[in-house]
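Participant: sequence? don't have it. structure:
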Ligand SMILES: C[S@@+](CC[C@H](N)C(=O)[O-])C[C@H]1O[C@@H](n2cnc3c(N)ncnc32)[C@H](O)[C@@H]1O
């Protein structure tokens, strides 16, 4: 393999997105983790088709873990759920909730920042990376998606979900285009209440 064939460790796109200035406040993080949300959005049902027991998954922009805890149930104690957020207070809420439910064994909370997810050690290992309601908050969306993609193992999936209305179909199409530029293959995405969704698979060949 020549140098030019070697996959770059540095994401190509380093353009800061000026639209994404607003971070979800911690009080909304609490609301997002409310059990009432399960009435319209059941993370276990949505995510079960993409997760096996014992696998490694990543919940990017996890906040207080509405999806992370169901992922922990799905992978079981022998699996790993790497939970990333830029706000320590969100991770503190996640840790409390995971302990209360006895799911902290599989949960790995990690503080990251807008410059990077810090997933080098997970490269090529994740069966699923979820990005629920986070891409529109990232300063460098293309870099974020590149890191999510790098974490996937061959055949692994990236699920992008954005709030309908808050994110326009045009902006959503831009995010999904960035994922296809990375070589990910679009697949039929699960429906999520009041959301725009896109699912991608990492090629196996
Ligand atoms: C609107 S909340 C969504 C939380 C959760 N995924 C859900 O759907 O309930 C977005 C979360 O992403 C986090 N976030 C924003 N930018 C991020 C980034 N670049 N990397 C990781 N997390 C980020 C925020 O701190 C916030 O907790």
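Facilitator: Perfect, thanks for sending it. Nothing here was measured: the structure is a model prediction, and the numbers come from that model.
Participant: please make it C-alpha for all contacts and neighbour counts, starting now.
Facilitator: Fine.
Participant: what about the helices in this structure?
Facilitator: All helices of the chain, identified by DSSP state H, fall at 26-32, 43-47, 68-75, 88-100, 141-151, 169-181.
Participant: is any part of the last one close to the ligand?
Facilitator: No. No part of helix 169-181 sits near the ligand under the criterion Cα under 6 Å from any ligand atom; the closest distance found is 13.8 Å.
Participant: give me the angle between that helix and helix 141-151.
Facilitator: 40 degrees (axes from the mean of the first three to the mean of the last three Cα atoms, to 10 degrees).
Participant: buried residues, helix 169-181. List them.
Facilitator: 172, 175, 176, 178, 179 (16 or more other Cα atoms under 10 Å).
Participant: any chance of those residues in JSON lines, with pLDDT too?
Facilitator: As requested, the buried residues of helix 169-181 are exported to JSON lines (pLDDT from 0 to 100):
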{"residue": "172", "pLDDT": "96"}
{"residue": "175", "pLDDT": "85"}
{"residue": "176", "pLDDT": "90"}
{"residue": "178", "pLDDT": "92"}
{"residue": "179", "pLDDT": "93"}
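Participant: before we move on, the earlier item: so which of the helices of the chain gets nearest residue 53?
Facilitator: Of all the helices of the chain, helix 68-75 sits nearest to residue 53, with 4.1 Å by Cα to Cα.
Participant: which one of the helices of the chain has the lowest average pLDDT?
Facilitator: Ranked by mean pLDDT, the helices of the chain bottom out at helix 169-181, with a mean of 93.
Participant: so what secondary structure elements neighbour it?
Facilitator: When contacts are defined as 3 or more Cα pairs under 8 Å, 6 or more residues apart in numbering; DSSP states H and E, helix 169-181 packs onto helix 141-151, strand 195-201.
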